[in-house]
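Engineer: structure here, sequence nowhere to be found:
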């Protein structure tokens, strides 16, 4: 959920709860005021009636009947309020109602029924009329239920309108403030996404709010530490790859100069022995031929091993010839089961020695994986070398239909990743149509990234 909408919904919910609480308080307060007004009327009119009763008992003002509500009538009283007096020893003596009751259509029916259910408005207030410690009668003040409901509705309506305007203004101000305050969040998310894609040199800018600034500082420090660790890892991988290639070059030279020369000498001696045996001891020819076949097999094995360690044509003819020889060798060994095709575009001389040997090693690993695991009938190797970048793509039509190994991988894939990372390049894996694995590698030309 969007953080801004989440905060606004929380604020609006709290404001609505406060509005309901204030409305409930207003209703209770309105009912309380109505009851207090009824008691005030009952108290004031009760005192007037007690004064009239005192005068009547004293023989003064006998011409005016008791109780006399004329003063209340002339003063206008309160609209919708009824006064009634009943004696203690005789029935109702007199009653008076003033003003008109408001029309119930002025407020909603649900408000009318709800208010009546909660407060039971219009309840009469009874005040005893006493003289010389004796109850002479009682004054009943009956307020107008409709008047009380109308007053409560007007207050509620006014309060609701005022609260609604206030709520809208507050939400608008909060929305504008939150939008401005949360604006750095977009920058932070974009920065994290860029760092996740490999741009660890990116740094977040300074922010006005302290909270955002602390987050940006922490992210920048994390990116800097990751960049340093990655640089140290690349340096270590570079050294390991350089040492491995140096070791392979040394082993190639030793096998060629020592072991290869010894095998060649054995083959020459075997030929001489065969000639002698043919003249003097023909029965040894079969054993001598067997020794010759073993020597030839060992010579072929040494040649294949030398080709895997470091092709002889690599130092002399370069990457293109080495790849052509590699593909030709795999076509010969596959015996038609898998057809390997090679396409090279551009000038391979633009590549540095480190880039060339690593592209060769990566191609070696890809072809080995295809032969062992892909069960493919065709494989295609494309190398394109431009002025700015070199792109190597190895694809097959094998059985791979998904990439569960894209994140984990085996030792071969990990080795390819390490080589590509050491050269500041990018490696991508994809599934072909309808099946088959596509390995795409892109290296910047002119930037070796390999430092011993």
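Structural biologist: Yep, that arrived. Model, not experiment: these values are computed from the prediction.
Engineer: residue 42 versus residue 53, what's the distance?
Structural biologist: Relative to residue 42, residue 53 is positioned 16 Å away (CB to CB, to the nearest Å). Placement of C-beta: from N, CA and C, glycine included.
Engineer: could you do residue 391 as well?
Structural biologist: As defined by CB to CB, residue 391 lies at a distance of 100 Å from residue 42.
Engineer: looking at the two, which is more packed in?
Structural biologist: Under the neighbour definition other CB atoms under 10 Å, residue 391 and residue 42 were set side by side, and residue 42 has more, 22 against 17.
Engineer: just the pLDDT for that one.
Structural biologist: Model confidence at residue 42, expressed as pLDDT, equals 81.
Engineer: now do residue 88
Structural biologist: As summarised for this prediction, residue 88 has a pLDDT of 67.
Engineer: likewise residue 129?
Structural biologist: The pLDDT attached to residue 129 in the predicted structure is 79.
Engineer: wait, it sits on residue 137?
Structural biologist: Yes. A contact is recorded between residue 129 and residue 137 when judged using CB atoms under 8 Å, the distance being 4.7 Å.
Engineer: what do the two both touch?
Structural biologist: Common neighbours of residue 129 and residue 137, using CB atoms under 8 Å, 6 or more residues apart in numbering, are 49, 67, 85.
Engineer: pLDDT wise, what is the second one at?
Structural biologist: This points to residue 67. For residue 67, the model assigns a pLDDT of 71.
Engineer: pLDDT below threshold where in this protein?
Structural biologist: Within the chain, the set of residues satisfying pLDDT under 70 comprises 1, 59-66, 68-80, 88-105, 307, 310-315, 404-411, 446-452.
Engineer: can you give me the helices in it?
Structural biologist: For the chain, the helices identified by DSSP state H occupy 3-57, 70-74, 109-119, 145-181, 183-196, 210-254, 260-280, 285-309, 312-317, 319-334, 353-369, 411-422, in order along the chain.
Engineer: out of those helices, which gets nearest to residue 437?
Structural biologist: Evaluated with CB to CB, the helices of the chain place helix 353-369 nearest to residue 437, the distance being 8.1 Å.
Engineer: buried sites along the closest one?
Structural biologist: In terms of neighbour count (16 or more other CB atoms under 10 Å), helix 353-369 has its buried residues at 354-367, 369.
Engineer: again with stretch 228-237
Structural biologist: For stretch 228-237, the buried set under the neighbour-count rule, 16+ other CB under 10 Å, comprises 234, 237.
Engineer: what's the offset of it from the middle of its chain?
Structural biologist: Relative to the chain's own centre, stretch 228-237 is displaced by 30 Å; criterion: CA atoms, centre = their mean, to the nearest Å.
Engineer: out of the helices of the chain, which comes closest to residue 435?
Structural biologist: With distances scored as CB to CB, the stretch of the helices of the chain nearest to residue 435 is helix 353-369 (15.0 Å).
Engineer: tell me the contacts of residue 383?
Structural biologist: Applying CB under 8 Å, 6+ apart to residue 383 gives the contacts 319-320, 323, 342-346, 348, 359, 390-392.
Engineer: kindly report the same for residue 308.
Structural biologist: Taking CB under 8 Å, 6+ apart as the contact definition, residue 308 lies against residue 364.
Engineer: and it, how far from residue 219?
Structural biologist: Using CB to CB, one obtains 45 Å as the distance from residue 308 to residue 219.
Engineer: also residue 301?
Structural biologist: For residue 301, the distance to residue 219 under the criterion CB to CB works out to 55 Å.
Engineer: looking at the two, which one has more neighbours?
Structural biologist: Just comparing residue 301 and residue 219: by other CB under 10 Å the higher neighbour count belongs to residue 219, 17 against 11.
Engineer: ok, the closest residue to that one other than its chain neighbours - how many residues close by?
Structural biologist: If you skip the residues right next to it in sequence, residue 219 has residue 204 as its closest partner in space, 5.8 Å away by CB to CB, 6 or more residues apart in numbering. Neighbour count for residue 204, taken as other CB under 10 Å: 22.
Engineer: for residue 204, phi and psi?
Structural biologist: Dihedral angles of residue 204 (phi, psi; degrees, to the nearest 10) stand at phi -80, psi 150.
Engineer: on that earlier part again, for the buried residues of helix 353-369, which one is nearest residue 252?
Structural biologist: Among the buried residues of helix 353-369, residue 357 lies closest to residue 252 (CB to CB), at 12.4 Å.
Engineer: just checking, the closest one touches residue 245?
Structural biologist: Yes. Using CB under 8 Å, residue 357 is in contact with residue 245, at 6.0 Å.
Engineer: now do the domain split for the chain, please.
Structural biologist: Each domain of the chain is listed here as a residue range: 3-180, 199-310, 318-452, per automatic domain parsing.
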